[in-house]
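Fold the following.
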Amino acid sequence: MDCARHASFKGLCASLVRYLAAVYALSVSASAASAEPPPALSDAIRKYMYQFVSDVPDNSPFRFALEDLNGDGRADAIVLMSGPRWCGSGGCTMLILQGVDNGFEFVCKSTITSEPIRVSKKTVHGWRTLIVYSKTKGNVLMPLHEWRRYPLNPSMQPRASRAEVNAAEIVIE
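Numbers count the residues shown, from 1 in each chain. Next up is the predicted model:
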């Protein structure tokens, strides 16, 4: 039925379109959250483990989000590792990898990080500030340091205000 031709159905059609758009948006975000990582990201994580971690199998599970953290137009990766080698009572290891022409390059790691992980609109030294959950302090700000590293220990960072938390986008929950 052509909704534009039947005035009595315009409201119903508009509601139906909004409903279908919401269902589609939920299915897209659900599939993105459960999506397989790009092969280049998996390769970069294996490379990181080979270079820096000797006692971990290279198939450790992880969750990830792809976001342009440094404003260069390329997706960078926020990776939250999981499993007993990467996690303890305070949280898990988070890796940040920069998107480059041929994949991803390791930038830095943070320990004892818990979800949710948020990306703020605020930038420091050209990189967006992260807001992560620290079990001892709650939501904390993780700005990039001048030496191009996010803080190693979130529990040592200042708390994020409610406004900062609300303005940031959750990328890993």
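
Low-confidence bits of the protein, can you list those?
Within the chain, the ranges that satisfy pLDDT under 70 run 1-34, 54-58.

what about the longest strand in it?
Assignment by DSSP state E gives strand 103-124 as the longest strand of the chain.

C-terminal to it, what's the next element?
strand 127-134 (DSSP states H and E).

Now do that next one and strand 103-124, the angle between them.
Angle of strand 127-134 versus strand 103-124, following axes from the mean of the first three to the mean of the last three Cα atoms, to 10 degrees, is 90 degrees.

Can I get strand 127-134 in CSV, CA atoms only?
Taking Å, rounded to 0.1, in the frame of the first residue of the first chain, the C-alpha atoms of strand 127-134 are listed here in CSV:
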residue,chain,number,x,y,z
TRP,A,127,44.1,11.8,20.8
ARG,A,128,40.7,11.4,22.3
THR,A,129,40.4,10.9,26.0
LEU,A,130,39.1,7.5,27.2
ILE,A,131,36.9,7.0,30.2
VAL,A,132,37.3,3.5,31.7
TYR,A,133,35.9,1.9,34.8
SER,A,134,38.3,1.4,37.7
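
Surely residue 112 and residue 154 touch.
Yes. Contact criterion Cβ atoms under 8 Å: residue 112 and residue 154 qualify, at 6.2 Å. Glycine gets a C-beta too; all of them are placed from N, C-alpha and C.

what residues are shared contacts of the two?
91, 134 (Cβ atoms under 8 Å, 6 or more residues apart in numbering).

out of those two, which sits in the busier spot?
Each of residue 112 and residue 154 has its neighbours counted (other Cβ atoms under 10 Å); residue 154 has more, 27 against 21.

Name the nearest residue to the more buried one, ignoring sequence neighbours.
residue 134 (4.3 Å; Cβ to Cβ, 6 or more residues apart in numbering).

how deep is the one you found tucked in, by neighbour count?
21.

So it is in contact with residue 91, correct?
Yes. Between residue 134 and residue 91 there is a contact under Cβ under 8 Å: 7.2 Å.

can you list residues touching both of those two?
With Cβ under 8 Å, 6+ apart, residue 134 and residue 91 have common neighbours 112, 113, 114, 154.

Count residues in the vicinity of residue 170, would you?
Neighbour tally, residue 170, other Cβ under 10 Å: 13.

please begin residue numbering at 2 from this point
All set: I'll call the first residue 2, so the last point we hit is now residue 171.

Spit out the contact partners of the residue nearest to residue 155.
By Cβ under 8 Å, 6+ apart, residue 135 lies in contact with 91, 92, 113, 114, 115, 141, 155, 156, 158.
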